[in-house]
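Colleague: No letters, just coordinates:
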């Protein structure tokens, strides 16, 4: 089943958007892969492959996303 992810224009004013390109690519990849519940079922190597970034860059991005100081962002 195909679906789409709606992106709001405020995405470019997010604090994550101010990070390096690889972090932004991983973030947008996660948004694109999320199911209707906002869940992404992927391994880190698989996510890195889909996002076309190195495993180390993917790991670093995921660590940044876990930081609770991000505004308007909540990891469950």
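Modeller: Thanks, I have the structure now. These numbers were taken from a predicted model, which means no experiment stands behind them.

Colleague: Residue 54 touches residue 47, doesn't it?
Modeller: No - between residue 54 and residue 47 there is no contact under Cβ atoms under 8 Å: 11.6 Å. C-beta: built from backbone N, CA, C; applies to glycine.

Colleague: Comparing those two, which shows the higher neighbour count?
Modeller: residue 47 (20 against 11; other Cβ atoms under 10 Å).

Colleague: Would you check how far apart that one and residue 10 are?
Modeller: 24 Å (Cβ to Cβ, to the nearest Å).

Colleague: likewise residue 64?
Modeller: 19 Å.

Colleague: Comparing these two, which residue is more hemmed in?
Modeller: In this view residue 64 and residue 10 are compared by other Cβ under 10 Å, and residue 64 has more residues nearby, 16 against 9.

Colleague: so who does the nearest residue to the more buried one once chain neighbours are set aside touch?
Modeller: Spatially, and ignoring its direct neighbours in sequence, residue 64 is nearest to residue 23 (5.9 Å; Cβ to Cβ, 6 or more residues apart in numbering). Going by Cβ atoms under 8 Å, 6 or more residues apart in numbering, residue 23 touches 16, 57, 60, 61, 64.

Colleague: Can you mark which positions in the strand or helix carrying the last one are buried?
Modeller: When you say that, I think you mean residue 64. According to DSSP states H and E, residue 64 maps onto helix 55-66. Within helix 55-66, the residues scored as buried using 16 or more other Cβ atoms under 10 Å are 57, 58, 59, 60, 61, 62, 64, 65.
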